[in-house]
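Peer 1: fold the following, please.
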Amino acid sequence: MEISQRIKEYRLEKRYTQKELADLLNVKSSTVSGWELGRNTPSIEMIKKLADIFNVPFDDMAGVTDSSRNSNDELTRNQKLVAYSIDPDISDEERNDIIEMVKIAMKNRRRV
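Peer 2: Below you'll find the predicted structure:
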């Protein structure tokens, strides 16, 4: 399931209008509409806020645990360099989170 679908699904479960959700996030309702229509994707910070508002794990909101995602997608050399060069002192768990975010970005880029 795409993040656009998850945002709409969770919003409807909480019985929020797009405007109400936008107010909670301090964004315009057109921004929420754009996310739900798949015209654009929320930032990582917004995904964190959405996960908090909807009371779901970040991984679920971001689609990291999406069963339709192919976990065998290999990163390119440049994508690995980005993931590993952000901060050489981060833990392996943090580095894996960054790699998963890069995979999500790859998946969204293919959609366009």
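
Peer 1: wait, what's in contact with the residue nearest the centre of the chain?
Peer 2: The C-alpha lying nearest the average C-alpha coordinate of the chain belongs to residue 62 (Cα atoms, centre = their mean; 3.2 Å). Residue 62 sits next to 3, 44, 47, 51, 100-101, 104 when contact means Cβ atoms under 8 Å, 6 or more residues apart in numbering. (Glycine included, C-beta is placed from N, CA and C.)

Peer 1: can you give me the domain assignment for the protein?
Peer 2: Taking automatic domain parsing as the criterion, the chain consists of the domains 3-58, 77-111.

Peer 1: measure the first one end to end?
Peer 2: This means domain 3-58. Between the opening and closing residues of domain 3-58 lies a distance of 12 Å (Cα to Cα, to the nearest Å).

Peer 1: that domain - what's its average pLDDT?
Peer 2: The predicted model gives domain 3-58 an average pLDDT of 93.
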